[in-house]
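>>> here you go, sequence then predicted model.
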Amino acid sequence: MKNKGLIVTIILLGVILIGTFTYEMGQKNVTTETTTKEIKTVGILQFVSHPALDQIYEGVVDTLEKEGFKEGENFKIEFQNGQADQSKLATMSEQLVNKKADVLVGIATPAVQALANATSNLPIVMGAVTDPVSAGLVNDSEHPDKNITGVSDKAPADKQILLGTQLLPDAKSVGMLYSSTEDNSKYQVQEAKKAAEELGLEVKTFAIPSSNEISQTVQVMSDQVDFIYIPLDNTIANAMPTVINEANKKKIPVIPSVDTMVEQGGLATIGINQYNLGVKTGEMAAQLLKGEKKIEELPIYTFKDGETLINKEQADFLGVDIPKEILDEATEIGGDTK
Ligand code: TRP
């Protein structure tokens, strides 16, 4: 009798053990299946925070959602901001690659360069790279032959300089302010320099090694040139209030390359809408995520023409008369005059 009870207990324990084990295994299978099947991951690396790049990021995220990628349901965004620090960008790129993102998005040239250094397999979509070829990211914009495609925001440097001379007909010299670490700026300054010299302007270039030199450099420039030109430079965009503050002290007009910089006190530009750059970047990322297209089937999309944008309040502060024919075509934005 005693033995019988013991045997029953042992059998019961065995059944419970096996039962729990099979249940646990079942649970595990369920979870692994859902994660590997359903959730797509996009890794986004933004070079630094400034109003233009923030708008591009918004455009990317909104568009992915519109394309059916819902965070928390079937989709996950891993977002990193490199804060303009090369070593942070390198580590963050490694992290995103190790997380095996399905698609990587880099916002601004230095971010895409960091991602490209970290992987030559995972697909990378460029968000607003001024010149992908001179940045060493692609060989041929029409036929991407590596793991990189995306959107280029080639600013119309010649038209921007021309606009500067139309608004400031007495100007004889222009100073170009940019960061020596950004390939995107080197390219655009070359273009702008050519255009300015053709229009008979004397050109002085001021390449700063880091944001620490901005305020002093603008002081020096204000004594040497009639206006300041700024390319699509992320380091300068991040310090725009400092630039305007210094330039305003001597009433030196600033012609930047983007609407957000005009809003912050630039005089005028011909600029590309930043949010739309993000929308196009998001659309390309979505096509790759859905498997509709491969990188080699997606040529680089280049935004070229912009809209004329004028900061009327800044023009009044500087005493600049805007010719009627320009004002008629332009959109007025901004304020921020000190
Ligand atoms: N085109 C820049 C790059 O290649 C990025 C950029 C987009 C930017 N919009 C901007 C830089 C506005 C300065 C201001 O890095």
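Perfect, I can see it now.

>>> how about Ser152: which residues does it bridge to?
Counting by DSSP bridges, Ser152 forms beta bridges with Thr302.

>>> ok, the closest residue in space to Ala135 that isn't next to it in sequence - contacts?
Computed as C-beta to C-beta, 6 or more residues apart in numbering, the closest residue to Ala135 that is not its neighbour in sequence is Asp183, at 4.5 Å. Yep, even glycine has a C-beta here, placed from its N, CA and C like the rest. Neighbouring residues of Asp183 by C-beta atoms under 8 Å, 6 or more residues apart in numbering: Thr109, Pro110, Gln113, Asp131, Ser134, Ala135, Gly136.

>>> and with 10 Å instead?
Asp183 makes contact with Thr109, Pro110, Gln113, Val129, Thr130, Asp131, Pro132, Ser134, Ala135, Gly136, Leu137, according to C-beta atoms under 10 Å, 6 or more residues apart in numbering.

>>> highest neighbour count among the residues you listed?
Val129 (30 neighbours; other C-beta atoms under 10 Å).

>>> how about the residues of the protein by the ligand?
Listed as neighbours of the ligand in the chain under the rule C-beta under 6 Å from any ligand atom: 52, 108-109, 128-130, 153, 184, 232-234, 237, 258, 274.

>>> tabulate those (JSON lines), appending pLDDT and secondary structure.
Compiled in JSON lines, these are given as follows (pLDDT from 0 to 100; DSSP: H, G, I helix; E, B strand; the rest coil):
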{"residue": "Ala52", "pLDDT": "97", "secondary structure": "helix"}
{"residue": "Ala108", "pLDDT": "98", "secondary structure": "coil"}
{"residue": "Thr109", "pLDDT": "98", "secondary structure": "helix"}
{"residue": "Ala128", "pLDDT": "97", "secondary structure": "coil"}
{"residue": "Val129", "pLDDT": "98", "secondary structure": "coil"}
{"residue": "Thr130", "pLDDT": "97", "secondary structure": "coil"}
{"residue": "Asp153", "pLDDT": "97", "secondary structure": "strand"}
{"residue": "Asn184", "pLDDT": "97", "secondary structure": "helix"}
{"residue": "Leu232", "pLDDT": "98", "secondary structure": "coil"}
{"residue": "Asp233", "pLDDT": "98", "secondary structure": "coil"}
{"residue": "Asn234", "pLDDT": "98", "secondary structure": "helix"}
{"residue": "Ala237", "pLDDT": "97", "secondary structure": "helix"}
{"residue": "Val258", "pLDDT": "96", "secondary structure": "coil"}
{"residue": "Gln274", "pLDDT": "97", "secondary structure": "helix"}
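
>>> of these, which is the nearest to Gln166?
Minimum distance to Gln166 across these is 18.8 Å, recorded for Val258 (C-beta to C-beta).

>>> that closest one against Ala155, yeah?
Yes: using C-beta atoms under 10 Å, Val258 makes contact with Ala155 at a distance of 7.4 Å.

>>> what's the overlap in contacts for the two?
Pro231, Leu232, Thr269, Ile270, Gly271, Ile272, Gly306.

>>> next helix or strand past the helix-or-strand element of the chain with minimal mean pLDDT?
The helix or strand of the chain with the poorest confidence is helix 2-38; it has a mean of 56 (mean pLDDT, DSSP states H and E). Going down the chain from helix 2-38, the next helix or strand is strand 40-46, by DSSP states H and E.

>>> for that next one, what is the average pLDDT?
For strand 40-46, mean pLDDT is 97.
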